[in-house]
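Engineer: attaching a predicted model along with its sequence, questions to come.
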Amino acid sequence: MNLAKVARLTEDMNLGSIQSEMSKLGDFRSPPSQYHTMENGVEVVYVKNSGPQDKLKRLVMSDDMKVDQARPLFNLILTACEKIGVDSSDRDYQNIREALITGNGDFQGQISDLATQEAIFWHVRKHGF
């Protein structure tokens, strides 16, 4: 993998860190490709923009296979969301999930909204206002 265009995400990252790392990829027009692994007992998801070969594979995938392929990243994001009280029914999270499965939607805008919500949550928790 060309590390200049690969986002490396770990299960312990917060939404701001995920947003920052994913910004390396820019806006994507099709779902990004993922590689999911464990490193030293920590779940790691490598994400890159889909290339022609990845797009060709997606053409023959069933809808269930597309969901399974996107699952590691949207579960990692959900874990970060749950730390601030955002659950899987949240509109921003659902839009992110859809973008990761279908490529439709504004992933960068939605993750930015959630990262802002996270920053406000921790500020209020620390300072009380």
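Structural biologist: Nice, thanks for sending it over.

Engineer: so which bits of stretch 64-76 are buried?
Structural biologist: Buried residues in stretch 64-76, counted by 16 or more other Cβ atoms under 10 Å: 66, 69, 70, 71, 72, 73, 74, 76. For glycine as for every other residue, the C-beta is placed from the backbone atoms N, C-alpha and C.

Engineer: nearest residue to the second one other than its sequence neighbours?
Structural biologist: For residue 69, ignoring the flanking residues on the chain, the nearest one in space by Cβ to Cβ, 6 or more residues apart in numbering is residue 34 at 6.7 Å.

Engineer: please apply the same query to the first one.
Structural biologist: Computed as Cβ to Cβ, 6+ apart, the closest residue to residue 66 that is not its neighbour in sequence is residue 101, at 5.4 Å.

Engineer: can you report how many residues neighbour the one you found?
Structural biologist: 18 (other Cβ atoms under 10 Å).

Engineer: likewise residue 40?
Structural biologist: 5.

Engineer: okay, now the unreliable bits of this protein?
Structural biologist: 1-4 (pLDDT under 70).

Engineer: so where do the strands sit in it?
Structural biologist: Using DSSP state E, the strands assigned to the chain run over residues 6-10, 33-39, 42-48.

Engineer: so residue 58 touches residue 30, yeah?
Structural biologist: Yes. Residue 58 lies in contact with residue 30 (Cβ atoms under 8 Å); the separation is 7.3 Å.
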